[in-house]
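A.B. asks: with the sequence up front, the predicted model follows.
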Amino acid sequence: MDKAHKFKNTLERYIHYRGIDIVLHLKDGKSIELDKNRQMTDDVVIGNLATGVVRIPIADIQSADFFAA
């Protein structure tokens, strides 16, 4: 199993855990903190932010931090 596939599987698993806060670090330098109402469809992470719904392709994600809430 390659790193990209393992990252996707780990991210998808943690997205479904509501007790974990997730911060995504994108390749363009931005950081996005996902709320509890988040989901993953195919290779896209969908989250609701104060500014509206955001769709982030997995290919744009450099890393993710997971925090127990």
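C.D. replies: That came in fine, so what should we check first? Residues are numbered from 1 along each chain as shown.
A.B. asks: and the residue nearest to Gln39 when sequence neighbours are not counted, what helix or strand is that in?
C.D. replies: Distances taken as CB to CB, 6 or more residues apart in numbering place Ile46 nearest to Gln39, at 5.1 Å, with adjacent residues excluded. All C-beta atoms are positioned from the backbone trio N, CA, C, and that covers glycine. Following DSSP states H and E, the helix or strand that holds Ile46 is strand 44-49.
A.B. asks: that strand pairs with which strands?
C.D. replies: Using DSSP bridges, the strands paired with strand 44-49 are strand 38-41 (antiparallel), strand 52-57 (antiparallel).
A.B. asks: remind me what the helix or strand encompassing Lys8 packs against, helices and strands.
C.D. replies: Lys8 is part of helix 3-15, with elements assigned from DSSP H and E. Contacts defined by 3 or more CB pairs under 8 Å, 6 or more residues apart in numbering; DSSP states H and E place helix 3-15 against strand 20-26, strand 38-41, strand 61-68.
A.B. asks: quick one: mean pLDDT over it.
C.D. replies: Helix 3-15 comes out with an average pLDDT of 89.
A.B. asks: I would like the residues contacting that helix, please.
C.D. replies: 20, 22, 34, 38-40, 43, 45, 58, 61, 64, 66 (CB atoms under 8 Å, 6 or more residues apart in numbering).
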